[in-house]
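[1] this one's sequence-less:
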Ligand code: GLU
């Protein structure tokens, strides 16, 4: 099998140690199997993505000694593909326009919680003659979608065979008011279009895979194998975040740290004092 992995950062900030750890996992898995490694810049969020973050990502990865086999792919240049996928789902009658704001949803106190916060309460699911001239997102009617595919499974190298549970996510957004595709849609379309055989990414995205598996089934796309890896944690045991004061790779680079030496330490599981790697 021709193994193909990817690292898919969103250029909404500088990379930190957790990103380095993740990029190494994806890169080394491909290299260990004579496969290919690709870089995909997930820049569909035009309000938060910045060219200077893209430039820093490329320099940081190079500094770590990572090489990618093809020119980086930019999601902002692939919008027609996401549009085609949306059109297909809309033709199946599985999408509906949603006019709710975050505040509207937060105000709906009865909303139960899913993996990513409150579940959408379905306010706009059955609107008659919605006014598409008003700003709106597009949501997936999850119950109808899951009924259409029937039970699905996917495989994770650490967790084994998993029964997909997309209903736990509720009616997810597939196209946003301010972005033509959501993370769930773009990542599913691109992993298939690029022929990614193994999705190597952090365990924080484990739950999202339930949605991706469903979208693959609806869109007739192949299902890659998944390897959700341990996350680097800060001194308080929670996932590494800015509040831990974790240095960016750029700041380490600029003070003259050796990127390849850092990469080799991370490979051996040696993380800087105060940090740890845990399987979430
Ligand atoms: N772009 C996503 C992020 O930065 C990762 C996407 C993925 O690996 O599936 O968190």
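    Perfect, I can see it now. All values derive from a computational prediction rather than experimental measurement.

[2] what about residue 248, how many residues close to it?
    Other residues near residue 248 come to 17 when the count uses other CB atoms under 10 Å. Every C-beta, even on glycine, is put in place using the N, C-alpha and C of the backbone.

[3] which element is residue 106 on?
    Per DSSP states H and E, residue 106 falls inside helix 102-107.

[4] Give me the contacts around that helix.
    The list of residues contacting helix 102-107 from outside it, by CB atoms under 8 Å, 6 or more residues apart in numbering, reads 111, 118, 120, 121, 123.

[5] gap between the third one and residue 79?
    By that I understand residue 120. Distance, residue 120 to residue 79, by CB to CB, to the nearest Å: 24 Å.

[6] Up against the ligand, what does the stretch 151-280 of the chain have?
    Residues of the stretch 151-280 of the chain lying close to the ligand (CB under 6 Å from any ligand atom) are 187, 201, 205.

[7] For residue 163, what are phi and psi?
    phi -80, psi 120 (degrees, to the nearest 10).

[8] quick one: contacts for it?
    Under the criterion of CB under 8 Å, 6+ apart, the contact list for residue 163 reads 151, 152, 153.

[9] Which strand residues bridge the last one?
    Spelled out, that is residue 153. Using DSSP bridges, the bridge partners assigned to residue 153 are residue 163.

[10] Any figure for the gap between it and residue 184?
    Taken as CB to CB, the spacing of residue 153 relative to residue 184 amounts to 18 Å.

[11] Neighbour count: those two, which is higher?
    Neighbour count, other CB under 10 Å: between residue 153 and residue 184, residue 184 has more, with 20 against 11.

[12] That one: what's it in contact with?
    Residues in contact with residue 184, defined by CB under 8 Å, 6+ apart, are 172, 173, 174, 208, 211, 212, 215.

[13] Tell me which of these fall in strands.
    Under the assignment DSSP state E, the contacts of residue 184 contribute 173, 174 to strands.

[14] Pick out the most distant pair among the contacts of residue 184.
    Considering CB to CB, no two members of the contacts of residue 184 lie farther apart than 173 and 212, which are separated by 14.2 Å.

[15] neighbour-wise, which of those two wins?
    Between residue 173 and residue 212, counting by other CB under 10 Å, residue 212 is the more crowded of the two (25 against 18).

[16] How about the more buried one, nearest residue that isn't a chain neighbour?
    On the basis of CB to CB, 6 or more residues apart in numbering, the spatially nearest residue to residue 212 that is not a chain neighbour turns out to be residue 188, at 4.8 Å.

[17] just residue 74 next, same as before
    By the measure of CB to CB, 6+ apart, the closest residue to residue 74 outside its immediate chain neighbours is residue 41, 4.9 Å from it.

[18] How about the stretch 51-200 of the chain: which residue is closest to the ligand?
    Nearest residue of the stretch 51-200 of the chain to the ligand (CB to the nearest ligand atom) works out as residue 187 at 4.7 Å.

[19] Please, which helix or strand holds that residue?
    helix 183-193.

[20] residues near residue 69, how many?
    Neighbours of residue 69 using other CB under 10 Å come to 11.

[21] Could you list the low-pLDDT ranges of the stretch 151-280 of the chain?
    Residue ranges of the stretch 151-280 of the chain with pLDDT under 70: 241-245, 273-280.

[22] Tell me where it has strands.
    With DSSP state E, counting those that start in this stretch, the ranges of strands along the stretch 151-280 of the chain come out as 153-156, 160-163, 173-175, 198-202, 225-229, 231-233, 276-278.
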